[in-house]
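In: Take a look and give me a structure for this.
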Amino acid sequence: MKSKNGTERSKDSEKRVFDAKNMILGRLASVVAKELLSGKDVYIVNAESAVISGSKKVIKEKYKTRLDLQEKENPEHSPYWSRRPDMLVKRVVRGMLPYRMPRGKEAFRRLKVFMGVPDELKGVKPVDLNIKDPKSIYSGYITVAELSKLLGYDRFEKY
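Out: The predicted structure follows:
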């Protein structure tokens, strides 16, 4: 497969799969953003199991405030935050990319985020980031699935 600049790239070496289960969302997003900017295709699986550290109450209020932001003159120009877990994770990664620049847009197009593990990625071994289990480090945390439920998302399927 050829990239835009005409160089050949192999599909297998450029595909990176990250399992978000029990990973701190911000740390995962920063590593994923670096991989995307280096030209790799990145897949994040189990997005609903990513962990956000901090007080549940504070995190919930922070995201509720973001959802309620609305421009009075033209509400369509307001920022949009999805309640779906996979879209929330994708938005966090987008925040770490220069997504308004061509290089950031191209990198963001290479990102795919899934709830659960899709059939096409079942046999692929995810990248190990060697990060400690957040449940042993932090006393307060919330998963992305819990946050989504608190924000009003209720269409979870069994994964």
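In: hey, let's count contacts and neighbours off CA atoms from now on
Out: Noted.
In: Report how many residues lie close to Pro102.
Out: Residues contacting Pro102 under the criterion other Cα atoms under 10 Å number 10.
In: just to confirm, which helix or strand has the residue nearest the centre of the chain in it?
Out: Taking Cα atoms, centre = their mean as the criterion, Val89 is the residue nearest the geometric centre of the chain, at 2.6 Å. Per DSSP states H and E, Val89 falls inside helix 85-94.
In: Show me which positions of that helix end up buried.
Out: Residues Pro85, Asp86, Met87, Leu88, Val89, Lys90, Arg91, Val92, Val93, Arg94 are the ones in helix 85-94 that count as buried (16 or more other Cα atoms under 10 Å).
In: Leu129: which of these is nearest?
Out: Of all those, Val93 has the smallest distance to Leu129: 16.3 Å, by Cα to Cα.
In: Need the nearest residue in space to that closest one, chain neighbours excluded.
Out: Of all residues not flanking Val93 in the chain, Ala29 sits nearest, at 4.9 Å (Cα to Cα, 6 or more residues apart in numbering).
In: Would you check how far apart that neighbour and Leu97 are?
Out: 10 Å (Cα to Cα, to the nearest Å).
In: The helix or strand hosting Lys149 packs against which elements?
Out: For Lys149, the host element (DSSP H and E) is helix 144-151. Applying 3 or more Cα pairs under 8 Å, 6 or more residues apart in numbering; DSSP states H and E, we find helix 144-151 packed against helix 56-68, helix 85-94.
In: Only the buried residues of the following helix or strand past the shortest one, if you could.
Out: Toward the C-terminus, helix 85-94 is succeeded by helix 102-109 as the next helix or strand (DSSP H and E). With burial defined by 16+ other Cα under 10 Å, the residues of helix 102-109 counted as buried are Gly104, Glu106, Ala107, Phe108.
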